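> Can you look at this prediction? I've put the sequence above it.
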Amino acid sequence: MFGPKAAHAWFAATALVALVGLVVQISVTAGANAGRFTSPASRVGNLFCFFTIDSNLLVGVTSLLLALNLSHPSALFRVLRLDGVVGIIVTGVVFQVALANLHHLTGSALVADTLLHKVSPILCVLGWLVFGPRGTLTAKIAGWSLVFPLAWLATTLIRGAIINYYPYPFVDAGTLGYGRVSLNCVLVGVLFTALAFGALGLDRALAKRQPTA
């Protein structure tokens with residue numbers, strides 16, 4: 001139904017939204033005066049602990065490579081592409097369920113929030129459903145994609161224990177305790193695993209019905 005030009009244009013739009021959202025968010029964070037993290041470098045460093053930021057970075061980079069026809073059919077690219085798609089779904093779901101009403105944002109902060117939590121997830125997921133690329137996923141790729149969320153959780157908890165900073169309330173071990181945080185991590189891990197292997201099954205089904213864009 002759609003040709004390569006339409007696919008490349010969609011991927012380009014997705015990359016633009018994700019990367020512009022990241023640039024705006026970095027600018028907002030660097031210019032803010034948030035608590036004890038008073039230096040712009042420390043605030044931006046904390047920013048990259050957010051799963052939202054990391055997922056959008058994966059979406060932006062992989063979508064840009066697809067838009068420029070520079071993607072490579074390597075296992076690494078396929079893992080990163082799947083991590084971007086699944087990660088951005090988790091970002092959208094967790095944001096709407098647990099985080100949407102925590103802050104009242106205006107101006108540039110609202111723009112970044114909208115691009116990163118709403119527009120980017122919608123464009124990425126629709127782009128993957130419509131344009132693929134199809135037939136690139138295997139059980140091994142889905143399994144390797146779990147390294148990303150596990151590494152993020154481990155880094156977040158270790159770093160948080162050292163500097164007492166956690167990007168999200170549900171991983172704040174200082175407030176909730178490690179028992180409750182462990183349960184929350186298991187739930188997020190189960191969601192990520194289900195989505196990764198669900199994407200594998202859906203990719204195989206769609207590959208039988210449509211060509212790779």
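Arrived safely. The model shown is predicted, which means the values in this text are computed figures rather than measured ones. Numbers count the residues shown, from 1 in each chain.
> any low-confidence regions in this protein?
When residues are selected by pLDDT under 70, those of the chain lie in 1-2, 32-38, 71-72, 97-103, 105, 210-213.
> Tell me which other helices or strands the biggest helix by length in it touches.
Counting by DSSP state H, the longest helix found in the chain is helix 178-207. The contact analysis (3 or more CB pairs under 8 Å, 6 or more residues apart in numbering; DSSP states H and E) places helix 178-207 against helix 75-94, helix 139-144, helix 147-163. In short, each C-beta sits where N, CA and C put it, glycine included.
> same thing but 10 Å
In this structure, helix 178-207 packs against helix 75-94, helix 120-131, helix 139-144, helix 147-163, helix 173-176, with contacts taken as 3 or more CB pairs under 10 Å, 6 or more residues apart in numbering; DSSP states H and E.
> so who does Gln96 touch?
Listed by CB atoms under 10 Å, 6 or more residues apart in numbering, the contact set of Gln96 reads 117-118, 121.
> Among the residues you listed, which one has the most neighbours?
For the contacts of Gln96, the largest number of neighbours (other CB atoms under 10 Å) sits with Pro121, at 27 neighbours.
> residues in contact with that residue?
14, 17-18, 52, 55-56, 59, 85, 87-93, 95-96.
> on that earlier part again, reformat the helices and strands packed on helix 178-207 as TSV; add distance to Lys5.
Output for those, formatted as TSV (distance: least, CB to CB, whole Å):
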stretch	distance to Lys5
helix 75-94	20
helix 120-131	11
helix 139-144	27
helix 147-163	31
helix 173-176	49
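> Nearest residue to the most centrally placed residue in the chain in space, please, no chain neighbours.
Nearest to the geometric centre of the chain sits Ser55, at 2.0 Å (CA atoms, centre = their mean). Closest residue to Ser55 apart from its sequence neighbours, by CB to CB, 6 or more residues apart in numbering: Gly87 at 3.4 Å.
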